[in-house]
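one predicted model, sequence on top.
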Amino acid sequence: MEEELDVLVLSLEAIEAYDGFSPRQREQIMPYVRGLATYKATRPGAALETNVIDLEQHTIRRKLEAAIKTSRKSALADGLRVHQAYAYSVNEFGDVEYPDID
């Protein structure tokens, strides 16, 4: 069995193992215990032992990230331009009123 090194999980186990709490103390500490139990159940897996990165995947990812950022910025700018071109005013309900397009 591997030794547990996570401080939060160790504190959960220590709290659960201690029998000296009064009912009122146990009631007060339960939200903290539930949070620790949730953390223990959903914590990320162990980190990889090596930090080797596949160069081909890294290169592809960098090129894609740049293209995706550019396309998102372009789409946002186009949307803003279209909105500003067609927006007429805002009514008393906060809705944007557009002019009638024939």
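That came in fine, so what should we check first?

quick one: buried residues of the strand or helix carrying residue 8?
Using DSSP states H and E, residue 8 maps to helix 7-17. Neighbour-count burial for helix 7-17 flags 12, 15 (criterion: 16 or more other C-beta atoms under 10 Å). From N, CA and C alone the C-beta is placed, and that goes for glycine too.

cool, stretch 28-43 as well?
residue 36.

which residues does it contact?
6, 8, 9, 11, 12, 15, 16, 21 (C-beta atoms under 8 Å, 6 or more residues apart in numbering).

if we can go back for a sec, packing partners of the helix holding residue 8?
helix 23-42 (3 or more C-beta pairs under 8 Å, 6 or more residues apart in numbering; DSSP states H and E).

residue 11: what's it in contact with?
residue 36.

how near is it to residue 38?
Plainly put, residue 11 is 14 Å away from residue 38 if you go by C-beta to C-beta, to the nearest Å.
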